[in-house]
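Engineer: Using only what follows, build the 3D model:
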Amino acid sequence: MFKKLFGKEDKVDKNIEIYAPITGEFVDIEDIPDPVFAQKMMGEGFGIKPTEGVVVSPIDGKVDNVFPTSHALGLKADNGLELLVHIGLDTVQLNGEGFKVLVESGDSVSVGDPLVEFDLDYIDQNAKSTISPIIITNTDQTDNIDIHKTEQLKRNETKVIDVTMS
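Structural biologist: Sure thing, here's the model as predicted:
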């Protein structure tokens, strides 16, 4: 309250970079074989066809939500950006089998921090697809989203999206 009264409110950077959370092949959002993601019903983003079973944080922020079935988690940056990392498609039906979550809701994370380990072969054999959507779920609160369509993504190294929040 005092910060607002005396004008010393911390300025939060509206710009944020989103890095690849998984190593693999870039997939255009429109090419994700699931209409909810492909038609951007959840928001703007991209997909990754993984070549290994490790997910790291693509942003600095907090773990906002770990789904009980371990197949997805929500992250939130200090500037308000909300990001969904969804491992595979129709993986909710696996009831956590093949996933090992390494964080809890409320944890602070930095780019590159391990979040989830998953059994790529198990998901490939038991789910609709291994393609993993990375979605900005509050796209409506952004001014600009610039997606860099890099063919091969390396977790923690390849910058995929520049975002400016409203």
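
Engineer: low-scoring pLDDT stretches of this protein, where are they?
Structural biologist: Applying pLDDT under 70 to the chain flags the ranges 1-10.

Engineer: With only the CA atoms kept, save the helix or strand containing residue 117 in CSV.
Structural biologist: Using DSSP states H and E, residue 117 maps to strand 114-118. Presented in CSV, the C-alpha positions along strand 114-118 are these (Å, rounded to 0.1, in the frame of the first residue of the first chain):
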residue,chain,number,x,y,z
PRO,A,114,13.8,-29.0,-14.4
LEU,A,115,10.0,-29.3,-14.1
VAL,A,116,9.0,-32.8,-15.2
GLU,A,117,10.6,-35.9,-16.5
PHE,A,118,8.5,-38.2,-18.7
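
Engineer: So for it, what gets flagged as buried?
Structural biologist: Residues 115-116, 118 are the ones in strand 114-118 that count as buried (16 or more other CB atoms under 10 Å). From N, CA and C alone the C-beta is placed, and that goes for glycine too.

Engineer: Equivalent analysis for stretch 107-126, please.
Structural biologist: Neighbour count says stretch 107-126 has 107, 109, 111, 115-116, 118, 120, 122-123 buried, by 16+ other CB under 10 Å.

Engineer: Tell me the spacing between residue 71 and residue 97.
Structural biologist: Separation of residue 71 from residue 97 (CB to CB, to the nearest Å): 10 Å.

Engineer: out of those two, which sits in the more crowded spot?
Structural biologist: residue 71 (27 against 14; other CB atoms under 10 Å).
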